[in-house]
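1. Okay, here's the prediction I keep looking at, along with the sequence it came from:
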Amino acid sequence: MLIIVLSNCTNKTTINEPSSKIEGTWKLFYAEIYENDSLKIKDLTKTSFIKIINKTHFAFFNQENIGSKKIYGGGGTYTLNGENYVETLSFTSIESIKNHQFPFTVEIKGDTLIQSGVEEVKSAGIKRKIVEKYIKIK
(Lines give C-alpha, C1' and ligand atoms only; values in the text may rest on other atoms or scores of the structure.)
Protein backbone atom coordinates (compact mmCIF):
# COMPACT_ATOMS: atom_id res chain seq x y z
CA MET A 1 0.00 0.00 0.00
CA LEU A 2 2.84 2.40 0.88
CA ILE A 3 4.46 1.80 -2.53
CA ILE A 4 1.23 2.73 -4.33
CA VAL A 5 0.87 5.96 -2.32
CA LEU A 6 4.51 6.97 -2.94
CA SER A 7 4.18 6.10 -6.62
CA ASN A 8 1.12 8.35 -7.00
CA CYS A 9 2.89 11.26 -5.28
CA THR A 10 5.83 10.95 -7.65
CA ASN A 11 3.58 10.89 -10.73
CA LYS A 12 1.75 14.07 -9.67
CA THR A 13 5.03 15.94 -9.20
CA THR A 14 6.31 14.83 -12.60
CA ILE A 15 3.16 16.08 -14.37
CA ASN A 16 3.71 19.62 -13.09
CA GLU A 17 7.40 19.79 -13.94
CA PRO A 18 8.37 21.41 -17.25
CA SER A 19 9.92 19.14 -19.85
CA SER A 20 12.41 21.84 -20.83
CA LYS A 21 14.30 24.45 -18.79
CA ILE A 22 12.93 27.19 -21.05
CA GLU A 23 9.34 26.51 -20.03
CA GLY A 24 7.93 28.85 -17.43
CA THR A 25 7.13 32.48 -16.72
CA TRP A 26 9.94 34.99 -17.17
CA LYS A 27 10.26 38.69 -16.26
CA LEU A 28 12.51 40.92 -18.34
CA PHE A 29 15.06 42.72 -16.17
CA TYR A 30 17.58 43.91 -18.78
CA ALA A 31 17.36 44.73 -22.48
CA GLU A 32 19.76 46.33 -24.90
CA ILE A 33 19.08 47.23 -28.50
CA TYR A 34 21.75 47.91 -31.14
CA GLU A 35 20.18 49.87 -33.98
CA ASN A 36 21.61 52.34 -36.51
CA ASP A 37 25.09 52.18 -34.94
CA SER A 38 23.81 53.09 -31.49
CA LEU A 39 23.19 51.19 -28.28
CA LYS A 40 20.06 51.77 -26.23
CA ILE A 41 19.50 50.23 -22.80
CA LYS A 42 15.76 49.81 -22.33
CA ASP A 43 14.33 51.63 -19.30
CA LEU A 44 12.37 48.95 -17.44
CA THR A 45 11.61 51.05 -14.35
CA LYS A 46 8.19 52.13 -15.65
CA THR A 47 7.00 48.95 -17.37
CA SER A 48 6.71 45.24 -16.70
CA PHE A 49 7.51 42.78 -19.48
CA ILE A 50 6.50 39.15 -18.92
CA LYS A 51 7.14 36.20 -21.26
CA ILE A 52 5.38 32.86 -20.77
CA ILE A 53 6.71 29.78 -22.54
CA ASN A 54 5.06 26.34 -22.54
CA LYS A 55 5.84 23.21 -24.56
CA THR A 56 4.79 24.68 -27.92
CA HIS A 57 3.83 28.34 -27.53
CA PHE A 58 5.06 31.63 -26.10
CA ALA A 59 3.26 34.83 -25.15
CA PHE A 60 4.51 38.20 -23.96
CA PHE A 61 2.92 41.19 -22.29
CA ASN A 62 4.36 44.65 -21.73
CA GLN A 63 2.43 47.14 -19.61
CA GLU A 64 3.10 50.39 -17.79
CA ASN A 65 3.43 49.88 -14.03
CA ILE A 66 1.13 52.86 -13.33
CA GLY A 67 -2.09 53.04 -15.28
CA SER A 68 -3.09 50.76 -18.10
CA LYS A 69 -3.11 53.03 -21.13
CA LYS A 70 -0.18 51.39 -22.84
CA ILE A 71 -0.17 47.62 -23.11
CA TYR A 72 1.37 45.52 -25.83
CA GLY A 73 1.27 41.78 -26.19
CA GLY A 74 1.76 39.01 -28.65
CA GLY A 75 2.48 35.36 -29.00
CA GLY A 76 2.74 32.35 -31.20
CA THR A 77 4.70 29.15 -31.58
CA TYR A 78 8.38 28.47 -31.17
CA THR A 79 10.98 25.85 -31.94
CA LEU A 80 13.99 25.09 -29.78
CA ASN A 81 16.95 23.09 -31.07
CA GLY A 82 19.81 23.27 -28.60
CA GLU A 83 20.47 26.97 -28.14
CA ASN A 84 18.65 27.93 -31.38
CA TYR A 85 15.25 29.38 -30.53
CA VAL A 86 12.87 30.63 -33.25
CA GLU A 87 9.65 32.47 -32.45
CA THR A 88 6.84 32.68 -35.02
CA LEU A 89 4.79 35.71 -34.03
CA SER A 90 1.21 34.73 -34.89
CA PHE A 91 -0.65 37.07 -32.56
CA THR A 92 0.15 40.80 -32.58
CA SER A 93 -1.56 44.09 -33.35
CA ILE A 94 1.30 45.07 -35.69
CA GLU A 95 0.32 43.64 -39.05
CA SER A 96 3.75 44.10 -40.68
CA ILE A 97 5.41 41.63 -38.27
CA LYS A 98 2.53 39.14 -37.99
CA ASN A 99 3.59 35.56 -38.85
CA HIS A 100 7.23 36.60 -39.07
CA GLN A 101 9.92 34.27 -37.69
CA PHE A 102 12.49 35.70 -35.30
CA PRO A 103 15.61 33.55 -34.77
CA PHE A 104 17.47 33.90 -31.49
CA THR A 105 20.12 32.21 -29.43
CA VAL A 106 19.12 31.35 -25.87
CA GLU A 107 21.15 30.43 -22.84
CA ILE A 108 19.86 29.51 -19.40
CA LYS A 109 22.08 30.19 -16.41
CA GLY A 110 20.37 29.15 -13.18
CA ASP A 111 17.13 31.14 -13.07
CA THR A 112 18.20 33.54 -15.86
CA LEU A 113 17.22 33.27 -19.53
CA ILE A 114 19.43 35.21 -21.96
CA GLN A 115 17.95 35.71 -25.42
CA SER A 116 19.89 37.41 -28.21
CA GLY A 117 19.71 37.79 -31.94
CA VAL A 118 18.86 40.04 -34.84
CA GLU A 119 15.27 41.12 -35.32
CA GLU A 120 14.86 41.88 -39.00
CA VAL A 121 11.64 42.58 -40.89
CA LYS A 122 12.46 44.38 -44.12
CA SER A 123 8.83 45.29 -44.89
CA ALA A 124 8.55 47.02 -41.49
CA GLY A 125 11.96 48.71 -41.68
CA ILE A 126 13.19 46.81 -38.62
CA LYS A 127 16.77 45.66 -38.25
CA ARG A 128 18.24 45.59 -34.77
CA LYS A 129 20.31 43.33 -32.58
CA ILE A 130 18.85 42.64 -29.16
CA VAL A 131 20.04 41.11 -25.91
CA GLU A 132 17.33 40.40 -23.35
CA LYS A 133 17.75 38.95 -19.87
CA TYR A 134 14.85 37.44 -17.98
CA ILE A 135 14.53 36.06 -14.47
CA LYS A 136 12.26 33.09 -13.88
CA ILE A 137 9.19 33.81 -11.80
CA LYS A 138 8.46 31.01 -9.37
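-> Thanks, I have the structure now. Numbering: from 1, shown residues only.
2. And the pLDDT at the residue sitting nearest the centre point of the chain?
-> The residue lying closest to the centre of the chain (Cα atoms, centre = their mean) is residue 51, at 4.2 Å. pLDDT for residue 51: 98.
3. isn't it right up against residue 23?
-> No - taking contacts as Cβ atoms under 8 Å, residue 51 lies outside contact range of residue 23: 11.2 Å. In this view, the C-beta of every residue, glycine as well, is placed from N, C-alpha and C.
4. looking at it, residue 19 is touching residue 55, isn't it?
-> Yes - under the criterion of Cβ under 8 Å, residue 19 makes contact with residue 55 at 6.3 Å.
5. just to revisit the earlier point, what pairs with the helix or strand containing the residue nearest to the centre of the chain, parallel or antiparallel?
-> The secondary structure element spanning residue 51 is strand 47-53 (assigned by DSSP states H and E). Applying DSSP bridges, strand 47-53 is found paired with strand 24-35 (antiparallel), strand 57-64 (antiparallel).
6. could those go into a markdown table alongside mean neighbour count and mean pLDDT?
-> Shown next, in a markdown table, are the strands paired with strand 47-53 (neighbours: other Cβ atoms under 10 Å; pLDDT from 0 to 100):
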| stretch | mean neighbour count | mean pLDDT |
| --- | --- | --- |
| strand 24-35 | 16 | 97 |
| strand 57-64 | 16 | 95 |
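7. Make CSV out of these and add distance to residue 127.
-> What follows is those, written out as CSV (distance: least, Cβ to Cβ, whole Å):
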stretch, distance to residue 127
strand 24-35, 7
strand 57-64, 20
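8. who wins for proximity to residue 128 among those strands?
-> Among the strands paired with strand 47-53, strand 24-35 comes nearest to residue 128, with 3.9 Å by Cβ to Cβ.
9. which stretches of this structure form strands?
-> For the chain, the strands defined by DSSP state E cover 24-35, 38-41, 47-53, 57-64, 71-81, 84-91, 100-109, 112-121, 126-137.
10. tell me which residues in stretch 120-127 are buried?
-> For stretch 120-127, burial by neighbour count (16 or more other Cβ atoms under 10 Å) applies to 121, 126.
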